[in-house]
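Undergrad: Kindly return the folded structure for what I paste below:
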Amino acid sequence: MVNRGDLVIIGISAGVALGILIAALIFFGIRWYQKHANLRRCANERSLTTLPIRTNGLGTSIDLSVSLSTNIPIQGSEKVKKSSPLSWWNNHNKERFPSASGVLRYSYKDVQKATQNFTTILGQGAFGPVYKATMPAGEVVAVKVLASDSKQGEKEFQTEVSLLGRLHHRNLVNLVGYCVDKGQRMLIYEFMSNGSLSNLLYSEEQQVLSWDERLQIALDISHGIEYLHEGAAPPVIHRDLKSANILLDQSMRAKVADFGLSKEEVFDGRNSGLKGTYGYIDPEYMSTNKFTMKSDIYSFGVIIFELITAIHPHQNLMEYVNLASMAPDGVDEILDNKLVGECNLEEVRRLAKIAHRCLLKLPRKRPSIGEISQAILKIKQMRLDKRDTMSFAGEEFSRAVSRIEVQQVELVRLASTKE
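TA: This is a model prediction of the structure:
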């Protein structure tokens, strides 16, 4: 028989073995959990690094002076944090927002201080009031505040941040940052000191835009649209191009603004109701509810005629344009009075011809934005070539006059010698 001492030893041995087994199981369980947690974290990091961003595309600005988002040291600001768009809309109190590359997030206190408690108002739009602000580092910016009763504005706000955080071009207004704090939604842009094209064209208090400036503005706008259509990946359709959404900086260079209604081309198939501004909307879009790149082209054609005529679309611009199109030089009759005698009519007719092509009824017959940019650039190049030719002719004439004067002096000298 087995004595009691042996049983005790066997029991202790079995207990130790069982304890070792349990410890081993716990150890390997912890190792397995840590390994899988690390794999999940790596997977999340890879997904963050593969978020779709825009390629720089055509005409991307390499001049750091046009971008205010590069270095803005503001106390209390923070980088944009990653979260799901749905979770942001469903959890307003958590004050989260989808990740936006290169866009800084500011606190309400930061913006309140920069705007001097929202006292310097620049204007009022459908989105809400716009204030002028000066950041601690000295940068002057414009702060657009979403009105508390704006329903559409919530969606526009999200679109602006998600798109402009990744779109960068010298002819697009740069988004400096945003604020989602204390129930407020604010967008912070680079300050455009010369305001909107609409204000410059229709305000009696503003300076007169010369023909050179108008031609350059048309070219600038075309470059901005060209980047959206052909330089961004995926392409972006603005959907609300109008003179009020074209802003000008201190050098009178034009930039496209207000991307609240914009959509990436991959979403084109969705019908979400008519969007845009009366007078600029493509008739084809109104009948099909499908907005394409050629719809942006139509809107740009309207803007070109605004530059030529200074007639607002709400003042029957298209009726004047249709009447003028009945004659080759009909556009001369609707030319802005401020330009009469101050511009080259042949250049005006060429630009009007481009605009007419943009307004063709069938979208497929309208030119691409790349073709439009080249056509406008050609007008400017012809002007430069003509100036060079005139300058050369002027120099030749001056030299000929000098030679004649020298010969006259020589003849007088010879005549005096014979006497």
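Undergrad: in this structure, which residue is closest to the centre?
TA: The C-alpha lying nearest the average C-alpha coordinate of the chain belongs to residue 172 (CA atoms, centre = their mean; 3.0 Å).
Undergrad: My guess is residue 246 contacts residue 303. True?
TA: Yes. Judged on CB atoms under 8 Å, residue 246 makes contact with residue 303 at a distance of 6.9 Å. For glycine as for every other residue, the C-beta is placed from the backbone atoms N, C-alpha and C.
Undergrad: one step back: quick check, the residue nearest to the centre of the chain in contact with residue 255.
TA: Yes. Counting by CB under 8 Å, residue 255 is a contact partner of residue 172 at 5.8 Å.
Undergrad: Now list whatever residues contact both of those two.
TA: With contacts defined as CB atoms under 8 Å, 6 or more residues apart in numbering, the residues shared by residue 172 and residue 255 are residue 224.
Undergrad: Let me know the average pLDDT across stretch 250-258.
TA: Stretch 250-258 shows a mean pLDDT of 94.
Undergrad: Please state the offset of that stretch from the chain centre?
TA: 9 Å (CA atoms, centre = their mean, to the nearest Å).
Undergrad: 38 is where my numbering starts, stick with that
TA: Okay, using 38 as the starting number, the last item reads as stretch 287-295.
Undergrad: which stretches of the stretch 238-387 of the chain form helices?
TA: Taking DSSP state H, counting those that start in this stretch to define them, one finds helices in the stretch 238-387 of the chain at 248-263, 320-325, 330-346, 354-361, 382-395.
Undergrad: actually the stretch 38-187 of the chain, not the one I typed
TA: 41-86, 122-127, 145-151.
Undergrad: In terms of mean pLDDT, which of those ranks lowest?
TA: Among the helices of the stretch 38-187 of the chain, helix 122-127 carries the lowest mean pLDDT, at a mean of 38.
Undergrad: Residue 328 is in contact with residue 400, correct?
TA: No. Using CB under 8 Å, residue 400 is not in contact with residue 328; the gap is 10.4 Å.
Undergrad: out of the two, which sits in the busier spot?
TA: residue 328 (26 against 18; other CB atoms under 10 Å).
Undergrad: so what's that one up against?
TA: Applying CB under 8 Å, 6+ apart, we find residue 328 in contact with 274, 276, 300, 305, 312-313, 319, 322.
Undergrad: what's the average pLDDT for the helix or strand encompassing residue 416?
TA: Assessed by DSSP states H and E, residue 416 sits inside helix 406-455. Per-region confidence: helix 406-455 scores 75 on mean pLDDT.
Undergrad: Next, residue 226: phi, psi?
TA: Main-chain dihedrals, residue 226, degrees, to the nearest 10: phi -110, psi 160.
Undergrad: Could you double-check that it sits in contact with residue 176?
TA: No. Assessed by CB under 8 Å, residue 226 is found out of contact with residue 176, at 11.1 Å.
Undergrad: More neighbours: which of these two?
TA: residue 226 (24 against 18).
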